[in-house]
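1. I'd like to go over a predicted model; first the sequence, then the structure.
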Amino acid sequence: MGTVTTDDGTVIFYKDWGPRDGQPIVFHHGWPLSADDWDNQMLFFLEHGFRVIAHDRRGHGRSSQTATGNDMDTYASDVAALTDELDLQGAYHIGHSTGGGEVTRYVARAKAGRVAKAVLVSAIPPVMLKSDSNPGGLPVEAFDELRSALAANRSQFYIDVPSGPFYGFNRPGATVSQGLIDNWWRQGMMGSALAHYECIKVFSETDFTEDLQQIDIPVLVAHGTDDQVVPYEDSAVLSVKLLKNGTLKSYEGLPHGMLSSHPDTLNPDILEFLNA
């Protein structure tokens with residue numbers, strides 16, 4: 001474990017496991033979680049000889065709870081500060097949900113040689129908000145409801161989300177894991193209410209169209225068809241069309257949080273892509 005301090009004084013917490021000369025993988029977590037959401041993947045890829053790194057986004061987990069900088073450009077700059085500090089070359093970057101947006105923005109602007117491949121899991125690009133140019137998106141009222149629920153009772157909200165749509169536990173016949181629900185709540189409550197509130201605007205309104213078009217490295221787009229948080233047809237299907245070298249891997253019936261609910265399905269596919 002370690003920390004890196006950004007130019008504006010924000011302290012970013014990160015984990016860094018494995019051989020220093022191993023192929024680095026950087027994991028980017030979703031809202032409102034932390035690096036801990038990648039525990040399963042970090043252990044899996046560590047066993048396969050990789051150097052695995054995961055950070056807590058500003059305002060999340062163990063990083064500084066700043067009053068400013070809760071925007072995608074700053075998130076990407078924080079990642080650049082981390083990769084510069086660790087001098088990562090030819091790294092693989094894997095992002096889930098909002099973290100997939102962070103990967104997209106960072107990779108599009110990364111220094112030459114920093115990134116070799118990327119993976120977007122249940123990721124928010126190109127853009128979630130419904131508009132004339134994105135008629136399949138979600139209406140702003142849906143995100144207003146998230147903000148209202150967070151402000152009214154964040155603790156209960158952070159029980160309701162993982163108990164329902166995030167892992168698909170609201171589906172008939174679903175096998176519910178109380179451990180996943182509790183761990184989601186634990187991670188969420190570690191972070192800043194302000195950062196989480198402002199991040200709803202970030203993940204719903206940030207447009208990654210130009211970022212996707214600029215990326216020329218191989219990118220795996222992995223998405224469950226029963227994603228109730230980031231709809232499959234308005235995200236993965238559109239993103240892969242914008243990428244120069246994108247591959248779409250669809251998971252029939254899997255939920256938004258499939259990296260934790262179905263790691264035995266997802267992890268081998270990511271490994272195969274990275275080793276190709």
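-> Perfect, thanks for sending it. Treat the numbers as computed from the prediction; the structure is a model and nothing was measured.
2. quick one: R154 and A193 touch, right?
-> Yes - under the criterion of C-beta atoms under 8 Å, R154 makes contact with A193 at 5.6 Å. C-beta here means a position set from N, CA and C on the backbone, and glycine is covered the same way.
3. so between these two, which is more surrounded?
-> The neighbour comparison of R154 against A193 (other C-beta atoms under 10 Å) goes to R154, with 18 against 15.
4. check which helix or strand covers the more buried one.
-> helix 140-163 (DSSP states H and E).
5. export only the CA atoms of that helix, formatted as PDB.
-> What follows is helix 140-163, C-alpha atoms only, in PDB (Å, rounded to 0.1, in the frame of the first residue of the first chain):
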ATOM      1  CA  VAL A 140     -32.000  13.200 -16.100                       C
ATOM      2  CA  GLU A 141     -34.900  12.400 -13.700                       C
ATOM      3  CA  ALA A 142     -33.300   9.000 -13.000                       C
ATOM      4  CA  PHE A 143     -30.100  10.600 -11.900                       C
ATOM      5  CA  ASP A 144     -32.000  13.300  -9.900                       C
ATOM      6  CA  GLU A 145     -33.600  10.400  -8.000                       C
ATOM      7  CA  LEU A 146     -30.100   9.000  -7.100                       C
ATOM      8  CA  ARG A 147     -29.000  12.400  -5.800                       C
ATOM      9  CA  SER A 148     -32.200  12.700  -3.700                       C
ATOM     10  CA  ALA A 149     -31.800   9.300  -2.200                       C
ATOM     11  CA  LEU A 150     -28.200   9.800  -1.400                       C
ATOM     12  CA  ALA A 151     -28.800  13.200   0.300                       C
ATOM     13  CA  ALA A 152     -31.800  11.900   2.200                       C
ATOM     14  CA  ASN A 153     -30.300   8.700   3.700                       C
ATOM     15  CA  ARG A 154     -27.000   7.700   2.200                       C
ATOM     16  CA  SER A 155     -26.600   4.600   4.500                       C
ATOM     17  CA  GLN A 156     -29.900   3.100   3.500                       C
ATOM     18  CA  PHE A 157     -29.400   4.000  -0.200                       C
ATOM     19  CA  TYR A 158     -26.100   2.100  -0.100                       C
ATOM     20  CA  ILE A 159     -28.000  -0.900   1.100                       C
ATOM     21  CA  ASP A 160     -30.800  -0.600  -1.400                       C
ATOM     22  CA  VAL A 161     -28.500  -0.400  -4.500                       C
ATOM     23  CA  PRO A 162     -26.500  -3.600  -4.000                       C
ATOM     24  CA  SER A 163     -29.600  -5.400  -2.700                       C
END
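6. give me the residues contacting it.
-> With contact meaning C-beta atoms under 8 Å, 6 or more residues apart in numbering, helix 140-163 is reached by 32, 128-130, 169-170, 176, 180-181, 184-185, 188-189, 193, 196-197, 200-201, 204, 257.
7. what is the mean pLDDT for stretch 78-94?
-> Per-residue pLDDT over stretch 78-94 has a mean of 98.
8. same check on stretch 182-189?
-> For stretch 182-189, mean pLDDT rounds to 98.
9. what do you get for stretch 249-263?
-> Mean pLDDT, stretch 249-263: 98.
10. please apply the same query to stretch 8-27.
-> For stretch 8-27, mean pLDDT is 98.
11. end-to-end on that stretch?
-> End-to-end distance for stretch 8-27, by C-alpha to C-alpha, to the nearest Å: 23 Å.
12. how far is it from where the chain is centred?
-> With C-alpha atoms, centre = their mean, to the nearest Å as the basis, stretch 8-27 stands 16 Å off its chain's centre.
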